[in-house]
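# I would like the atomic coordinates for the input below:
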Amino acid sequence: RVDSLVQFIISRMSKLCHKVVQVSPVGAEKISFRNGSPAAILVRTEKRRNHNITLVQGLDTKVYGFDLEKMSTYLSKRLAASGGVEELPGSKVDIKRQIYLGGFWDRAVINILTEELGVPPEAIKNDAENKKGNMKQKKDQKSSNVIRG
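Down below sits the predicted model:
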């Protein structure tokens, strides 16, 4: 009975604020709390000029503190895919740029964001999950041309 009360209180508090963990280049963690729910990150897939791409929106510097150029390079190397940053035409004030990756990497990107970079899973919305079967990542892929040792 006490556990259910604690879970209820935590769930109510998580709607009021969220925890942000920032890791410095030296490895020191800075933990802070911000009001409201975490900012949404949108992961979706598209077909452009007959090429499959994955788009990641919402990782702007103001919100999560990521440099989009460095994040794009990291994801490209980590997934062995081409990638970059592009401007969004007619975008909102908060989200002006997005990361694109060649291929369908929706689940892999979400795993990297949540497990390695500490983004809360409730902040990520995967629009590719609702698409038809050939427009999303078919299985958990690992880059085949990278030797880990």
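# nearest residue to T114 other than its sequence neighbours?
P121 (5.0 Å; C-beta to C-beta, 6 or more residues apart in numbering). All C-beta spots, glycine's among them, are computed from the backbone N, C-alpha and C.
# just to check, the one you found is in contact with V43?
No - using C-beta atoms under 8 Å, P121 is not in contact with V43; the gap is 11.8 Å.
# what segments of the protein are strands?
Ranges of strands in the chain, per DSSP state E, are 17-23, 29-35, 41-48, 51-57, 83-87, 97-102, 124-126.
# flag every buried residue along the last one.
Within strand 124-126, the residues that count as buried by 16 or more other C-beta atoms under 10 Å are 124, 126.
# list the strands paired with that strand, with their directions.
Sheet pairing of strand 124-126 (DSSP bridges) gives strand 41-48 (parallel).
# next, the buried residues of the partner strand.
Within strand 41-48, the residues that count as buried by 16+ other C-beta under 10 Å are 41, 43-45.
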